[in-house]
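Q: Make a model of this:
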Amino acid sequence: MTLAVLHLDDHLVAIDKPPGLLVHRTQLAAQENEAALQLLRDQLGRPVWPVHRLDRGTSGVLLFALSPEVASVLGAMFEQGQMRKRYLALVRGWPDADEGLIDHPLARDPEKPSAGQPLLPAQTRWRVLRRDAWPIATDPRFATTRVALVEAEPLQGRRHQIRRHLKHIAHPILGDATHGKGPLNRAVAAHLGITRLWLHAQRLELAHPVGGSPLRLESPPDAAWPAWG
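A: Residues are numbered from 1 along each chain as shown. Take a look at the predicted model:
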């Protein structure tokens, strides 16, 4: 697999991560032979350092450093919320408002029960870009399923923050096996002809870690995303 490079300079590189690709190899998916870190290292012929994560199912802008020093600076910028991140998500249902702010603290590790874990501050801004009804019936009372295209901006970088926050307001992301509904996810996959998490990291804005010049990295959603007529 050849990765699409969105930006490359002497200090960092950004790629367009396809859905389903791990950022790096892990024991939790030991059967997977491909990961973005190793693929990019081999593609560039030099070491790279990951500075943030995207969930395996999430597509879009993924940033790597080309030295441990720059990786440390970028990692601190992510931790301190010094970057603007914009995502697109397809969600179940129609939010009542056109935009809002989810202010809901999250446990650090979503893989463990929240009870007993410290809750970390977490806010996500969201805005509805489009509402639609698809000919999908998973409830005998309704012949269609309402869906919405949402823009989400997490103000922190908690694990699964957008996924957990959208579930919190009762609009889980389509294709989310952890926070969504299996029957609906399967029906959406059959309708669209693809099984995936419908979350895309569309834009990342930051000050360049060397020099401070503004840097805007963008990845348009791929052709698998629904064409809104």
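Q: where along the protein do the helices fall?
A: 36-44, 68-79, 161-168, 182-192 (DSSP state H).
Q: Looking at the ones you listed, which one is packed in the most?
A: helix 161-168 (a mean of 22; mean count of other C-beta atoms under 10 Å). All C-beta spots, glycine's among them, are computed from the backbone N, C-alpha and C.
Q: Let me see the mean pLDDT of that one.
A: Mean per-residue pLDDT for helix 161-168: 96.
Q: Quick check: chain neighbours aside, which residue is closest to D10?
A: L66 (6.9 Å; C-beta to C-beta, 6 or more residues apart in numbering).
Q: Quick check, pLDDT for the one you found.
A: For L66, pLDDT reads 98.
Q: List the contacts of it.
A: Neighbouring residues of L66 by C-beta atoms under 8 Å, 6 or more residues apart in numbering: 10-13, 46-49.
Q: Please report which of the residues you listed has the highest neighbour count.
A: L12 (25 neighbours; other C-beta atoms under 10 Å).
Q: Next one: the residue nearest to D10 from T195, what distance?
A: 34 Å (C-beta to C-beta, to the nearest Å).
Q: can you check G60 too?
A: For G60 relative to T195 (C-beta to C-beta), the value is 18 Å.
Q: The two: who's more crowded?
A: G60 (28 against 15).
Q: Local confidence estimate at the residue nearest to H24 when sequence neighbours are not counted?
A: Leaving aside its sequence neighbours, H24 sits nearest to L37 (C-beta to C-beta, 6+ apart; 4.3 Å). Note for L37: predicted pLDDT of 95.
Q: sorry, back to before: turn the contacts of L66 into TSV, including pLDDT.
A: Shown next, in TSV, are the contacts of L66 (pLDDT from 0 to 100):
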residue	pLDDT
D10	97
H11	98
L12	97
V13	98
R46	96
P47	96
V48	97
W49	96
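Q: Narrow these to those in strands?
A: 12-13, 49 (DSSP state E).
Q: nearest to T138, of those?
A: V13 (41.7 Å; C-beta to C-beta).
Q: isn't the closest one right up against V48?
A: Yes: assessed by C-beta atoms under 8 Å, V13 is found in contact with V48 at 6.5 Å.
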